[in-house]
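Novice: Have a look; sequence and predicted model below, questions after that.
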Amino acid sequence: MLQIYNSLTRKKETFTPITPGQVRLYVCGMTVYDYCHLGHARVMVVFDMVARYLRSRGYAVTYIRNITDIDDKIINRAKENGEDISALTERFIQAMNEDAAALGVIPPDQEPRATVHMPQIRDMIARLVELDFAYAAKNNDVQGRTSVAGDRTSRATDVYYRVRKFKPYGALSGKTLDELKIGARVEIDEDKDDPLDFVLWKAAKPGEPQWESPWGPGRPGWHIECSAMSTACLGSHFDIHGGGMDLKFPHHENEIAQSEAATGESFVNTWMHVGFVRLNEEKMSKSLGNFFTVREVLKKFEPEVVRYFILGSHYRSPLDYSDENLQGAKAALTRFYLAFKDLTPADEGGAAAEYEDKFQAAMDDDFNTPGALAVLFELARVINKLREDGSTAAAPLGAALRRMGGILGLLQLDPQAFLRGGAAGGLSDAQIETLITRRSEARKNKNWTESDRLRDELKAQGVILEDAGGRTSWRRQ
């Protein structure tokens, strides 16, 4: 049975979906003001692996990964660039999708954007105010700001969440309110009832994007965006919520407080957090300036090598970046591709049942990808021995090796191309699906030039599209 480590209870638990046979999964995605770095890539690859494995076990998975497209960092970067905010975010959303596709990440079922969910955000804040879990700041000196409509003026004010009113606050992070107050660097703010209270709605400032609300023109705080988007897409109570370890506090702690106070229901059953990527044993991050973008790394290593490098460590463990570790990932993949190179495609039958059981046991143990890869290495050794002996049993085992690798999003490339060190045999399935999704959006928006360009790009890569019944299917030439 599948066991998942739950960050909320701090132990492995048997996974039981709320609705039998169905899994609702939400993952905090990127704030789109810059290119993806390896920390972002790790989160995307890990939860792509989780979704793939759950589907391989027969679950119907609804996978949501949000996009934060309004935030202080986005506003500041647009100002620095002298760039329109929507142009900035669209540029980096496209870059993010390209990087994800290169790493074999299949697009999530939905990618909700904060700016599209303003009605849900305002409704949730209003509900929290109604229940006295939130309040409008009393001393905001923001009288007379122009509303988003531009034809009248209205009072604009910040809205804060009452942290102390939510009694379970701190359950996810393990922090007490007194510890938080003592340890927090909180500036004195006369607008707040308590220094620990956090903002739900920010009063508009001149020159910033703004939306109308019962509290005047403004924009949402970061934390409320995910509460509103996740419940809008998956309902008030769903199975799994994931993200990077750095989001556990305060972001995910605040999500729980907001969502459960607003709905009166338990928010999420299982919380999953991905460990940090480190460089020289220090967390890799933009704030520290010690990060590598996905694009920089892909100039040196093939995409599947980077994906293997990420999955070669358990998702909760630190991941140490180095060229040496990536070279090790490449060597490991080379061993796999050599094992089934030139094997005649064959029906695997039940030949690999023993290894299938071991692989599943590893993955059922909190998605233990290093253990699963160890099983695949064992299988590769058996295949190589059978090849040396000239046994026909090598072919079905090679097919099984490739199929189990595919559950991890690996070993789906042309062996000859990979071993030559080329472009890994053209577009991966995930890259094809991403381009088809972008083409569908272009068609929906009647952007026929972009739609035709994407079709031609796919055709040049040997992918033929067939549009029928409102759906697009594809095949390789």
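Specialist: Nice, thanks for sending it over.

Novice: And the strands in the stretch 301-450 of the chain?
Specialist: Using DSSP state E, counting those that start in this stretch, the strands of the stretch 301-450 of the chain run over 319-320.

Novice: Point out where it drops to low pLDDT.
Specialist: By pLDDT under 70, the weakly predicted segments of the stretch 301-450 of the chain are 422-427.

Novice: Now do the helices in it.
Specialist: For the stretch 301-450 of the chain, the helices defined by DSSP state H, counting those that start in this stretch cover 303-311, 323-340, 353-364, 369-388, 394-407, 415-420, 429-444, 448-460.

Novice: Out of those helices, which one sits most buried?
Specialist: Mean neighbours per residue, mean count of other C-beta atoms under 10 Å, is largest over the helices of the stretch 301-450 of the chain for helix 303-311, with a mean of 25. The C-beta positions use only the backbone N, C-alpha and C, and glycine is treated the same way.

Novice: Okay, domains of this structure per the record?
Specialist: 20-277, 300-420 (automatic domain parsing).

Novice: Out of the ones you listed, which is closest to S285?
Specialist: S285 lies closest to domain 20-277 among these, at 6.8 Å (C-beta to C-beta).

Novice: tell me the mean pLDDT for that closest one?
Specialist: Averaging pLDDT along domain 20-277 gives 91.

Novice: tell me how far the ends of that domain are from each other?
Specialist: 35 Å (C-alpha to C-alpha, to the nearest Å).

Novice: distance between that domain and the chain's centre?
Specialist: Mean-position distance between domain 20-277 and its chain equals 14 Å (C-alpha atoms, centre = their mean, to the nearest Å).

Novice: So the spatially closest residue to G349 that is not a sequence neighbour versus R57, what's the distance?
Specialist: Closest residue to G349 apart from its sequence neighbours, by C-beta to C-beta, 6 or more residues apart in numbering: P396 at 5.8 Å. Noted for P396: a distance of 22 Å to R57, by C-beta to C-beta, to the nearest Å.

Novice: residues touching the residue nearest to G349, list them.
Specialist: A346, D347, E348, G349, A351, A352 (C-beta atoms under 8 Å, 6 or more residues apart in numbering).

Novice: Can you get me a residue count around the first one?
Specialist: What that stands for is A346. With neighbours defined by other C-beta atoms under 10 Å, the count for A346 comes to 16.

Novice: Surely it touches A399?
Specialist: Yes. If you go by C-beta atoms under 8 Å, A346 and A399 touch, sitting 5.4 Å apart.

Novice: what about the strands in the stretch 51-200 of the chain?
Specialist: With strands called from DSSP E, counting those that start in this stretch, the stretch 51-200 of the chain shows them at 60-65, 134-136, 145-146, 153-154, 159-161, 198-203.

Novice: Within the sheet, what are the partner strands of the second one, with directions?
Specialist: The pairing partners recorded for strand 134-136 under DSSP bridges are strand 159-161 (antiparallel).

Novice: and for the strand it pairs with, what are the contacting residues?
Specialist: Against strand 159-161 from outside (C-beta under 8 Å, 6+ apart): 125, 128-129, 133-137, 191-193, 197-201, 215, 254, 257-258.

Novice: Narrow the contacts of P396 to those that are buried.
Specialist: Buried subset of these (neighbour count, 16 or more other C-beta atoms under 10 Å): A346, E348, A351, A352.

Novice: Let me have those in TSV, extended by distance to Y63.
Specialist: Below are these laid out as TSV (distance: C-beta to C-beta, whole Å):
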residue	distance to Y63
A346	32
E348	28
A351	32
A352	28
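
Novice: now, which of these sits nearest A331?
Specialist: Nearest member of those to A331, counting by C-beta to C-beta, is A352, at 23.6 Å.

Novice: Pull the contacting residues for the nearest residue to the closest one once chain neighbours are set aside.
Specialist: Of all residues beyond its chain neighbours, the one nearest A352 is A400 (3.4 Å), with distances taken as C-beta to C-beta, 6+ apart. Going by C-beta under 8 Å, 6+ apart, A400 touches E348, A351, A352, Y355, E356, L379.

Novice: Could you pull up phi and psi at the second one?
Specialist: It stands for A351. Here is the backbone geometry of A351 (degrees, to the nearest 10): phi -60, psi -30.

Novice: try the first one
Specialist: Backbone torsions of E348, given as degrees, to the nearest 10, read phi -70, psi -20.

Novice: ok so, going back, nearest to M1, out of the domains of the chain?
Specialist: Using C-beta to C-beta, those put domain 300-420 closest to M1, at 6.5 Å.

Novice: Report the distance from the closest one to the chain centre.
Specialist: The answer for domain 300-420 is 24 Å, by C-alpha atoms, centre = their mean.

Novice: And it, end to end?
Specialist: 15 Å.

Novice: what does stretch 284-291 give?
Specialist: 5 Å.

Novice: For it, the averaged confidence score.
Specialist: 71.

Novice: residues contacting N97?
Specialist: So N97 contacts P107, T434, R438 (C-beta under 8 Å, 6+ apart).

Novice: Verify the contact between E282 and F276 for me.
Specialist: No. In this structure, E282 is not within contact of F276 by C-beta under 8 Å, at 9.1 Å.

Novice: Compare the two (neighbour count), which wins?
Specialist: Neighbours were counted for E282 and for F276 using other C-beta under 10 Å; F276 has more, 18 against 10.

Novice: Next, format the domains of the chain as JSON lines and append distance to T472.
Specialist: Converted to JSON lines, these look like this (distance: least, C-beta to C-beta, whole Å):
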{"stretch": "domain 20-277", "distance to T472": "13"}
{"stretch": "domain 300-420", "distance to T472": "21"}
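
Novice: L458: which of these is closest?
Specialist: Across the domains of the chain, closest to L458 is domain 20-277 (C-beta to C-beta), at 12.2 Å.

Novice: before we move on, back to that, so which of the contacts of A400 is the closest to L247?
Specialist: For these, the nearest to L247 is E356 (34.6 Å; C-beta to C-beta).

Novice: That closest one and M404 touch, don't they?
Specialist: Yes. If you go by C-beta under 8 Å, E356 and M404 touch, sitting 7.0 Å apart.

Novice: okay, the strands of the stretch 51-200 of the chain, which one's buried deepest?
Specialist: strand 159-161 (a mean of 26).

Novice: Would you mind pulling the contact partners of stretch 442-452?
Specialist: In contact with stretch 442-452 (C-beta under 8 Å, 6+ apart) are residues R438, R439, L454.

Novice: at 6 Å instead, please
Specialist: For stretch 442-452, the external contacting residues (C-beta atoms under 6 Å, 6 or more residues apart in numbering) are R439.
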